[in-house]
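Chemist: model this:
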Amino acid sequence: MQTISIKSSSAETVIPLLKNAIDREKRILKESVRVTKEKVNKLAGTLSVDIDKLMRGEVEHTDSNDMQLIELEGEVEVLRHLESELNDFESVEICR
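Modeler: Numbering: from 1, shown residues only. All right, here's what the predicted structure looks like:
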């Protein structure tokens with residue numbers, strides 16, 4: 001883990017602001033993950049698709065399902081990105 005230093009003339013004011021900003025971002029990311037998971041699960045269910053197989057390229061794209069599968073792949077990538085960001089924020093620790 002790396003350490004990042006922030007200099008401020010009023011640490012008593014800045015530290016709570018940083019903590020609040022990080023907490024707010026985590027809440028936003030958690031909600032985004034929840035909504036995106038719901039969308040992924042709904043699309044996967046509608047298409048009767050195994051997400052792992054889809055992401056490995058093992059699901060056949062046809063004229064009738066191509067756009068929906070592309071949308072599902074995009075949502076899975078968005079979900080992975082959001083989960084990664086959330087994980088990064090969960091590991092942040094503000095020290096004095």
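
Chemist: please name every helix or strand in contact with the lengthiest helix in the chain.
Modeler: Secondary structure assigned by DSSP state H gives helix 11-47 as the longest helix of the chain. Contacting helix 11-47 under the criterion 3 or more C-beta pairs under 8 Å, 6 or more residues apart in numbering; DSSP states H and E are the following elements: helix 51-55, helix 66-90. Backbone N, C-alpha and C define where each C-beta goes, glycine included.

Chemist: which strands and helices sit next to the longest one?
Modeler: Same thing as helix 66-90. Partner elements for helix 66-90 (3+ C-beta pairs under 8 Å, 6+ apart): helix 11-47, helix 51-55.

Chemist: for those helices, give me TSV that also has mean neighbour count, mean pLDDT and distance to Leu72.
Modeler: Written out in TSV, the entries for those read as follows (neighbours: other C-beta atoms under 10 Å; pLDDT from 0 to 100; distance: least, C-beta to C-beta, whole Å):
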stretch	mean neighbour count	mean pLDDT	distance to Leu72
helix 11-47	13	96	4
helix 51-55	14	95	7
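
Chemist: I'd like to know which of those lies nearest to Glu90.
Modeler: Proximity to Glu90, assessed across the helices and strands packed on helix 66-90 by C-beta to C-beta, is greatest for helix 11-47 (6.9 Å).

Chemist: so what's Gly57 scoring on pLDDT?
Modeler: Residue-level confidence at Gly57 comes out at 94, pLDDT.

Chemist: tell me how far the residue nearest to the spatial centre of the chain lies from Thr36.
Modeler: Taking C-alpha atoms, centre = their mean as the criterion, Leu82 is the residue nearest the geometric centre of the chain, at 1.0 Å. Distance, Leu82 to Thr36, by C-beta to C-beta, to the nearest Å: 6 Å.

Chemist: and if you look at Asp52?
Modeler: Asp52 sits 17 Å away from Thr36 when distances are taken as C-beta to C-beta.

Chemist: ok so, going back, can you list the helices and strands packed on helix 66-90 in JSON lines and add distance to Ser64?
Modeler: Written out in JSON lines, the entries for the helices and strands packed on helix 66-90 read as follows (distance: least, C-beta to C-beta, whole Å):
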{"stretch": "helix 11-47", "distance to Ser64": "10"}
{"stretch": "helix 51-55", "distance to Ser64": "16"}
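
Chemist: okay then, goodbye and thanks.
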